[in-house]
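Undergrad: Provided below are the primary sequence and the corresponding predicted coordinates.
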Amino acid sequence: MSPDLNPIEHLWHILKLKVEKHNISNIHQLRHTVLKEWESIPVASCEALVNSMPRRIKPVLQNVGGNTKY
């Protein structure tokens, strides 16, 4: 139930940080920048997030769904 465990949330954070580096003044620039930065995220970053799931889930299971550092 924790959104912090969801790999896509971390991917959105990466995208947000990349987009915030740009000086965007209108919706068209925003769309262009988001698409450009999305395409620039390496596949390896996505794979690393997915591959981290067993490591993230283990503490959740150990704490029977209770709080973890994630």
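TA: Structure's in. What do you need?

Undergrad: ok, residue 45 touching residue 15?
TA: No - the pair residue 45 / residue 15 is not scored as a contact, 10.4 Å apart, by Cβ atoms under 8 Å. Using the backbone N, CA and C atoms, a C-beta is placed for each residue, glycine as well.

Undergrad: those two: who's more crowded?
TA: For the pair residue 45 and residue 15, the greater number of neighbours falls to residue 15 (16 against 12), based on other Cβ atoms under 10 Å.

Undergrad: report the contact partners of the more buried one.
TA: Counting by Cβ atoms under 8 Å, 6 or more residues apart in numbering, residue 15 touches 34, 37-38, 41.

Undergrad: repeat for residue 41
TA: With contact set as Cβ under 8 Å, 6+ apart, residue 41 has these partners: 11, 14-15, 18.

Undergrad: those in helices, which ones?
TA: Per DSSP state H, helices hold the following members of those: 11, 14-15, 18.

Undergrad: and the residues you listed, which is closest to residue 51?
TA: Closest approach between the ones in helices among the contacts of residue 41 and residue 51, by Cβ to Cβ: residue 11, at 13.3 Å.

Undergrad: so what's that closest one up against?
TA: By Cβ under 8 Å, 6+ apart, the neighbours of residue 11 are 41, 45-46, 49.

Undergrad: pick out the most distant pair among those residues.
TA: 41 and 49 (10.2 Å).

Undergrad: hang on, the earlier thing: which of the contacts of residue 41 sits closest to residue 62?
TA: Among the contacts of residue 41, residue 11 lies closest to residue 62 (Cβ to Cβ), at 25.5 Å.

Undergrad: save the contacts of residue 41 as JSON lines, and put in distance to residue 27 too.
TA: What follows is these, written out as JSON lines (distance: Cβ to Cβ, whole Å):
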{"residue": "11", "distance to residue 27": "22"}
{"residue": "14", "distance to residue 27": "22"}
{"residue": "15", "distance to residue 27": "17"}
{"residue": "18", "distance to residue 27": "18"}
